[in-house]
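Visitor: 3D, please:
(one chain, ligands or ions: 1)
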Amino acid sequence: MSWIVEEEGFDPGRVTTNGNKYMLGNGAIGYRGTLEEFDKDQLTATTLAGLYDKVGDQWREPINAPNGLSTRIVCDGEPLSLLTANDATHKQTLNIRNATFARETVFLTASGNRIELRTQRFVSMERLDLIVMKVEIRCANNCDLLVHTGIDGDVWDINGPHLEQYEAAEKEGVIGISAITHELRRTVAVAEGIVTDGEFEQACLKDDKTIKRAISIKCAAGVAYGFTKFVSVRFGEDRESVSDEAFASVRSAVSVGYEEHLNRHERQWERKWEQSDVAIEGDEEAQFALRYSLYQLHIIAPTASERVSIPARGLSGQVYKGAVFWDTEMFMLPFFLHSQPEVARNLVMYRVHTLDGARRKAAEYGYRGAYYAWESQDTGDDACTLFNITDVFTNRPMRTYFRDKQVHISADAAYGIWQYYEFTGDESVLLEGGAEAILECARFFYSYSYYKDEKLRFEILDVTGPDEYHERVNNNAFTNALVAKTIEIALRTLDLLEVKHPDEYRKLMEKLDYGNDLANLIRLFDDLYVPQPEADSLVIEQFDGYSKLEDVDLASLKTRILNKNEYLGGGNGLATSTQILKQADVVLMLHLFKGRYSREVKRANWEYYEPRTEHGSSLSSCIYALVASDIGYADWAYKYFLRTATIDLTGDSKQYVGTLYIGGTHPAANGGAWMAAILGFAGVHYEDGVVRINPSLPEQWQSIAFPLRIRGQSFNVRVTRNEVFIRAEAGNRSAVTFLVDGVHELAVEPGTSETLSASGQERGDGLAG
Ligand code: BGC
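Guide: Numbers count the residues shown, from 1 in each chain. Take a look at the predicted model:
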């Protein structure tokens, strides 16, 4: 039960939300959970990771490839579609264990026939260009069925059209469409091959952007008729070879067949769940929501490429320009680091490959080093525009400072690279460009900061922190703390290289001409101002002057809203002159540096900022859950955990701003759900070579069990209300010591397990396995 998302009946109002909720994907392709008879009006999409296009001066966004699953059925002249059917029963399911989507629809025709339609589809996790679908039709009475199935190139675009010069072709039974992207002239090719269960009459129909088969089936009452579609979706430079590859891929897929492809796909998924599944006892809702969140992360994780990362809306469409934000490093990376470090490696290497874009951005603003794109795409140049939001009152673009001033993005990128190194011990990322990226980020911060002679300290002025409602502020505590961390990381990187890789150290220092920078970094590290808790209240001021802003409560602020879509930040936004913040800011800092602050400080700040936070971003709730767990506010932690874990199941998030669709999936919240469960409730924390476990399970949970990878060693952990159990895999290199509740040390030898009970008693089984 805990693996199936399902829905009975058809509600046209849920078509868009269900497109997200029932999505399939494999990190290279995202296929929205729409039905076969749908088209661009229902936002069907085959989103490609890493291929972007720009038309005129509109936003650059990812490509939506022609839809290879498009299928329409006509029964005795009557089209069958849930969009027009008066009388139909419908059920759709997504099995998140093996990532398959299925529908079962029964259409009742005007002439009294009853047509059962069943389909099952998956986006192969084994062959990343491949989508496969099986279709079965059965009629109660004899009838003539006409099935139009093929490739629909008339796609949904937000700022398109991105594809042009369509060419359709049919070769030895395989049909295909190729087109060229508007800006970079890349080829996108989709080919489709079909295997039918019987001999049917077939014709090939082409028009401007589509190629279809018209299959005529003389249906005998009660007999099942079916076919399987194999669709390859590819892109690349050379039109001819990309198209040929798509055709060849389809041919080979056809020869392998549906069942075998499904088996291979399922094996990949089994492995994913082995590496990452979290089992919660005592709470079905939480169990399901958390698994579903992990499913969403798996379908968008780049398993085979370090040239792409995960966009803020995953692969659910072109929303948010398909851009990669800090969401990846700060909200998704932890899940991959602890379960699939090879994916984490791809994510951080993406920042290495986009370093030149970050250098260009720093130079553009007159700084040295690397200033990463706030909204990053293929090259690392910033896709964020200066006027990124439209004012609902004037319909004019508003000047925002996300691109210019959210400097913490460079700290987030450096932090991500270093986290990868710390968690895995894998130095290759540092040697293959990670060290260079870190040093360039540190250099950027030196060049951005100001030294105040009268205060004898460096300050970071004119920035926007995580709370986007307050732009261009001075000494944002979060930003300053992360800048300090970046400098520390840079200094540690240099130490590591100098000691362990002296040749690389020398080459890099020379290449970057870093001699003077080293001294600068040390000065910045020593003298950087990081806002501290205020003596009486223990509250850390979010930025200089924040406490002097109007202290209105959130409910009152909301009564001032005139238009439900109005933006609360920017120059005139309602929150700008108040203490209401968009999302976790100081509280996020308390999570990241949890070891540095006392419980009293964390409590004081959580209590101060929680009622003032609007949670206008899906990145906020999980952080409040994490810190709530840390300070013993279990009920609050649970409430915020559920909010973050259910976001893509309920679809309760803003879908449109004006006419602009801003919905889609929320991978940062999905990653946040994992963080709240494992780093929060189970209390796992790895830092400076020590793995800590400080559990604080929600009341209704009897236990939580999960796999854990740390520095290349694998464990299974189970935390109950009165025990912590850890099993180390036999293949581990050496014993690892876990520090439970801050006092009990559990050293777990490879191939053995250890249990610590509430009384503090330790038991080892000494057994292999
Ligand atoms: C948030 C950012 C986030 C972006 C993409 C914005 O609403 O304020 O922190 O990076 O959405 O998810």
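Visitor: Output whichever strand or helix holds Phe641 as CSV - backbone C-alpha positions only.
Guide: Element membership for Phe641 (DSSP states H and E) is helix 634-645. Only the C-alpha atoms of helix 634-645 are listed here, as CSV (Å, rounded to 0.1, in the frame of the first residue of the first chain):
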residue,chain,number,x,y,z
ALA,A,634,8.8,17.6,18.6
ASP,A,635,5.2,18.7,17.8
TRP,A,636,6.4,21.6,15.8
ALA,A,637,9.0,19.5,14.0
TYR,A,638,6.3,17.0,13.0
LYS,A,639,4.0,19.6,11.7
TYR,A,640,6.6,21.2,9.6
PHE,A,641,7.9,17.9,8.4
LEU,A,642,4.5,16.9,7.1
ARG,A,643,4.1,20.2,5.4
THR,A,644,7.4,19.7,3.5
ALA,A,645,6.9,16.0,2.8
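Visitor: elements contacting the helix or strand that it is followed by?
Guide: Counting by DSSP H and E, the element after helix 634-645 in chain order, helix or strand, is helix 647-650. Secondary-structure packing of helix 647-650 (3 or more CB pairs under 8 Å, 6 or more residues apart in numbering; DSSP states H and E): helix 15-21, helix 284-298, helix 667-674. Where you see a C-beta, it was placed from the backbone N, CA and C, and this is true even at glycine.
Visitor: One more pass at 7 Å, please.
Guide: Other helices and strands packing on helix 647-650, by 3 or more CB pairs under 7 Å, 6 or more residues apart in numbering; DSSP states H and E, are helix 15-21, helix 284-298.
Visitor: Show me what the last one is in contact with.
Guide: Outside helix 284-298, the residues within contact range by CB atoms under 7 Å, 6 or more residues apart in numbering are 2-3, 5, 96, 272, 276, 278, 280, 314, 332, 335, 642, 645-646, 648-649, 665, 667, 670-671, 673-674, 677.
Visitor: what ranges do the helices span in the stretch 251-400 of the chain?
Guide: 258-276, 284-298, 327, 333-339, 341-353, 355-364 (DSSP state H, counting those that start in this stretch).
Visitor: Can you tell me which of the ones you listed is nearest to Thr424?
Guide: helix 341-353 (4.9 Å; CB to CB).
Visitor: now that closest one against helix 258-276, angle please.
Guide: Counting by axes from the mean of the first three to the mean of the last three CA atoms, to 10 degrees, helix 341-353 points 90 degrees away from the direction of helix 258-276.
Visitor: now helix 341-353 and helix 284-298, what's the angle there?
Guide: Using the same axes, to 10 degrees, helix 341-353 lies at 50 degrees relative to helix 284-298.
Visitor: pLDDT on helix 341-353, on average?
Guide: For helix 341-353, mean pLDDT is 98.
Visitor: list the buried ones in that helix?
Guide: Under the neighbour-count criterion of 16 or more other CB atoms under 10 Å, helix 341-353 has 341, 343-353 buried.
Visitor: how about those residues in CSV, adding distance to Ile487?
Guide: Below are the buried residues of helix 341-353 laid out as CSV (distance: CB to CB, whole Å):
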residue, distance to Ile487
Pro341, 26
Val343, 28
Ala344, 23
Arg345, 24
Asn346, 26
Leu347, 23
Val348, 19
Met349, 23
Tyr350, 23
Arg351, 18
Val352, 19
His353, 24
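Visitor: tell me which parts of the stretch 351-500 of the chain are close to the ligand?
Guide: Counting by CB under 6 Å from any ligand atom, the positions of the stretch 351-500 of the chain adjacent to the ligand are 466, 468.
Visitor: for the stretch 501-650 of the chain, same thing?
Guide: For the stretch 501-650 of the chain, the residues found near the ligand under the criterion CB under 6 Å from any ligand atom are 582-583, 617, 619.
Visitor: give me that answer again for 8 Å
Guide: Residues of the stretch 501-650 of the chain found near the ligand (CB under 8 Å from any ligand atom) are 582-583, 616-619.
Visitor: What segments of the stretch 501-650 of the chain are helices?
Guide: Along the stretch 501-650 of the chain, counting by DSSP H, counting those that start in this stretch, helices occupy 502-512, 515-527, 554-559, 586-592, 599-609, 621-630, 634-645, 647-650.
Visitor: Look at the closest residue to Leu355 other than its chain neighbours and say how many residues are nearby.
Guide: The shortest distance from Leu355 to any non-neighbouring residue, by CB to CB, 6 or more residues apart in numbering, is to Ala437 (5.0 Å). Other residues near Ala437 come to 29 when the count uses other CB atoms under 10 Å.
Visitor: ok, the residue nearest to His591 when sequence neighbours are not counted - how many residues close by?
Guide: With CB to CB, 6+ apart as the criterion, His591 has its nearest non-adjacent residue at 4.9 Å, and that residue is Leu626. By the criterion of other CB under 10 Å, Leu626 has 27 neighbours.
Visitor: cool, Glu614 as well?
Guide: When neighbours are counted by other CB under 10 Å, Glu614 registers 17.
Visitor: next one: Asp412
Guide: Neighbour tally, Asp412, other CB under 10 Å: 23.
Visitor: ok, and the closest non-adjacent residue to it?
Guide: Spatial nearest neighbour of Asp412, chain neighbours left out: Trp326 (4.1 Å); criterion: CB to CB, 6+ apart.
Visitor: Show the contacting residues for the residue of the stretch 501-650 of the chain found nearest the ligand.
Guide: Using CB to the nearest ligand atom, the closest approach of the stretch 501-650 of the chain to the ligand is made by Ser617 at 3.9 Å. Residues in contact with Ser617 (CB under 7 Å, 6+ apart) are 582-583.
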